[in-house]
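J.: How does the following fold in three dimensions:
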Amino acid sequence: MATPISTIFLLKFLLYAALLSSKRGLAFQGRKTALSTPSTLHNVHITSLMPSSVCSPSPKGDNKRASLEVIHKHGPCSKLSQDKGRSPSRTQMLDQDESRVNSIRSRLAKNPADGGKLKGSKATLPSKSGSTIGTGNYVVTVGLGTPKRDLTFIFDTGSDLTWTQCEPCARYCYHQQEPIFNPSKSTSYTNISCSSPTCDELQSGTGNSPSCSASTCVYGIQYGDQSYSVGFFAQDKLALTSTDVFNNFLFGCGQNNRGLFVGAAGLIGLGRNALSLVSQTAQKYGKLFSYCLPSTSSSTGYLTFGSGGGTSKAVKFTPSLVNSQGPSFYFLNLIAISVGGRKLSTSASVFSTAGTIIDSGTVISRLPPTAYSDLRASFQQQMSKYPKAAPASILDTCYDFSQYDTVDVPKINLYFSDGAEMDLDPSGIFYVLNISQVCLAFAGNSDATDIAILGNVQQKTFDVVYDVAGGRIGFAPGGCE
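T.: Sure thing, here's the model as predicted:
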């Protein structure tokens, strides 16, 4: 039993500790901190959602495989971001994202416009070629030609043809951070002949019939925002790493290019078509690749090819489906969503009506109208203690976190057939315009027959594995770590 002296001492100590705690509380100057958090919630430090002005590279991918560093093209880790005047605002990115989604919908329409015939070396493209917009957020650097020239490319699972800007520019070349590739200075470069069967592959790879110029095969591809690339169909040496080099890699050498590519040299296509990088490197990598997109634009991820020593047991797979209307896209069977540990009442048939694709170039995930309405209602109900902010472009559920240090956010889980599941990282739940406008990173389609899209915000921090030969796609958390 405590003596009277020790009891008095204990009381004084507790009183002092309480006063000290009170003084520390005043130091927050009215900012609020979430208290204990159940397992159905994320306790999120607001600063973790905000990108830094300093690059903080993440650990690289598996050294046993061909691994490229993935960088957000508008972040401090990117040399493309040095040209700030050409970078779009966060709201403009959302508007561009809507253009991409509209383009995907057009491509998957039941009666898409037929691809037009290119005319001459200065080809005229049809107003709708059905290709997706080329404004993806993430870039990698690879080598092209002999001697090797390092070039920065947007990578896109919704495209097939890889192309880069080339000298001389016949009509127009958009601003590019690195020197434009000059094929005359590469000893391994050759053009594809019009008479070659390879030239005919452009029809399926671009949506347009090829043309000829002085017996040389001419490609043309147009994107949903009227961006385009036209030039010679060619082959040259491609170096993914110092040891993984591919001779006679087929690509477009663009001499007339316009678009929202923001300093990148061109685009790498990771779709299913025979012209994609995935198919052209199949003999070495077995049509298997994976990536991790970083949580913020100030950190890095990776794009890796091949299985190396095998796939991690943490990866949970779901079948990757093929649709004849969009054979290059990767379709998934999304069956349910939960918010804060509670599954939404949305019927699985709502998701199966139009289907779902996963796309590295779409930013915001799109859901069927009913599914999005159910998600939004549950999320808003569980976030009701936080002040609302004005909508931003396509995003209608936004919050003002300017008076908070931490917030409790309901976990969002996506469920796929065969047991695959994504417990979204907090960075995969929100799209941050600024601390006073933090929005739920989902949007609803206007029609139940519009395709649902798993965008790149929701994919952040996951190891996303495309086993194309095996007909499956897998997810594992903590992929960038």
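J.: Tell me where the stretch 301-450 of the chain is predicted with low confidence.
T.: 308-311 (pLDDT under 70).
J.: which residue ranges form the strands in it?
T.: 316-319, 330-332, 334-339, 342-343, 356-358, 365-367, 388-389, 398-399, 406-410, 412-416, 421-423, 430-434, 437-440, 442-444 (DSSP state E, counting those that start in this stretch).
J.: show me what contacts residue 238?
T.: When contacts are counted by C-beta atoms under 8 Å, 6 or more residues apart in numbering, residue 238 touches 142-144, 245-246, 249, 251. To be clear about C-beta, it is placed using only N, CA and C from the backbone, and glycine gets the same treatment.
J.: quick one: which of those residues is most hemmed in?
T.: residue 251 (28 neighbours; other C-beta atoms under 10 Å).
J.: Surely it forms part of a strand?
T.: Yes - applying DSSP: H, G, I helix; E, B strand; the rest coil, one finds residue 251 inside a strand.
J.: Now do the same contact list for it.
T.: 144, 161-164, 233-236, 238.
J.: And the pLDDT for it?
T.: The model reports residue 251 with a pLDDT of 98.
J.: related to what we said a few turns ago, make CSV from the contacts of residue 251 and add secondary structure and pLDDT to it.
T.: Listed next are the contacts of residue 251 as CSV, based on DSSP: H, G, I helix; E, B strand; the rest coil; pLDDT from 0 to 100:
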residue, secondary structure, pLDDT
144, strand, 98
161, coil, 96
162, coil, 97
163, strand, 97
164, strand, 97
233, strand, 98
234, strand, 98
235, strand, 98
236, strand, 98
238, strand, 98
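J.: Determine which two of the contacts of residue 238 are furthest apart.
T.: The most widely separated members of those, counting by C-beta to C-beta, are 245 and 251 (14.5 Å).
J.: quick one: residue 354 and residue 368 touch, right?
T.: Yes - counting by C-beta atoms under 8 Å, residue 354 does reach residue 368; the two are 6.8 Å apart.
J.: the helices in this structure, which residues?
T.: Here the chain has its helices, by DSSP state H, at 4-26, 46-49, 90-107, 197-200, 202-206, 277-280, 282-285, 348-352, 369-382, 456-459.
J.: residues making contact with the last one?
T.: Surrounding helix 456-459, the residues in contact under the criterion C-beta under 8 Å, 6+ apart are 136-138, 293, 358-365, 414, 422, 424, 427-428, 431, 441.
J.: redo that, cut-off 6 Å
T.: Helix 456-459 has contacts (C-beta atoms under 6 Å, 6 or more residues apart in numbering) with 293, 360, 363, 365, 424, 428, 431, 441.
J.: one step back: mind checking which of the strands of the stretch 301-450 of the chain is nearest residue 149?
T.: Comparing the strands of the stretch 301-450 of the chain by C-beta to C-beta, strand 330-332 comes nearest, at 30.3 Å.
J.: tell me what the closest one is packed against?
T.: With contacts taken as 3 or more C-beta pairs under 6 Å, 6 or more residues apart in numbering; DSSP states H and E, strand 330-332 sits against strand 356-358.
J.: repeat that with 10 Å
T.: On a contact count with 3 or more C-beta pairs under 10 Å, 6 or more residues apart in numbering; DSSP states H and E, strand 330-332 meets strand 316-319, strand 356-358, strand 452-454, strand 472-476.
J.: looking at those strands, which is closest to residue 391?
T.: Using C-beta to C-beta, the nearest of these to residue 391 is strand 452-454, at 19.9 Å.
J.: Let me know the average pLDDT across that closest one.
T.: Strand 452-454 shows a mean pLDDT of 97.
J.: For it, what is the distance to the chain centroid?
T.: Relative to its chain's centre, strand 452-454 lies at 12 Å (C-alpha atoms, centre = their mean, to the nearest Å).
J.: ditto for stretch 458-471
T.: 12 Å.
J.: I'd like to know the average pLDDT value across it.
T.: 96.
J.: buried set for that stretch?
T.: Neighbour-count burial for stretch 458-471 flags 458-468, 470 (criterion: 16 or more other C-beta atoms under 10 Å).
J.: with the contacts of residue 251 in mind, which one is nearest to residue 323?
T.: residue 161 (19.6 Å).
J.: Is that closest one in contact with residue 249, as I believe?
T.: No - counting by C-beta atoms under 10 Å, residue 161 does not reach residue 249; the two are 11.7 Å apart.
J.: Identify the contacts common to these two.
T.: residue 277 (C-beta atoms under 10 Å, 6 or more residues apart in numbering).
J.: Quick one: residues contacting the nearest residue to residue 282 once chain neighbours are set aside.
T.: Spatial nearest neighbour of residue 282, excluding adjacent residues (C-beta to C-beta, 6 or more residues apart in numbering): residue 469 at 7.5 Å. By C-beta under 10 Å, 6+ apart, the contact list for residue 469 reads 278, 282, 285-288.
J.: what would those residues look like in a markdown table with distance to residue 214 and neighbour count?
T.: Shown next, in a markdown table, are these (distance: C-beta to C-beta, whole Å; neighbours: other C-beta atoms under 10 Å):
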| residue | distance to residue 214 | neighbour count |
| --- | --- | --- |
| 278 | 32 | 25 |
| 282 | 32 | 15 |
| 285 | 35 | 22 |
| 286 | 38 | 16 |
| 287 | 35 | 18 |
| 288 | 39 | 20 |
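J.: Save the strands of the stretch 301-450 of the chain as CSV, and put in mean neighbour count and distance to residue 106 too.
T.: Below are the strands of the stretch 301-450 of the chain laid out as CSV (neighbours: other C-beta atoms under 10 Å; distance: least, C-beta to C-beta, whole Å):
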stretch, mean neighbour count, distance to residue 106
strand 316-319, 18, 26
strand 330-332, 22, 17
strand 334-339, 21, 22
strand 342-343, 12, 33
strand 356-358, 25, 14
strand 365-367, 26, 14
strand 388-389, 16, 32
strand 398-399, 20, 29
strand 406-410, 21, 34
strand 412-416, 21, 25
strand 421-423, 17, 27
strand 430-434, 20, 24
strand 437-440, 24, 26
strand 442-444, 23, 18
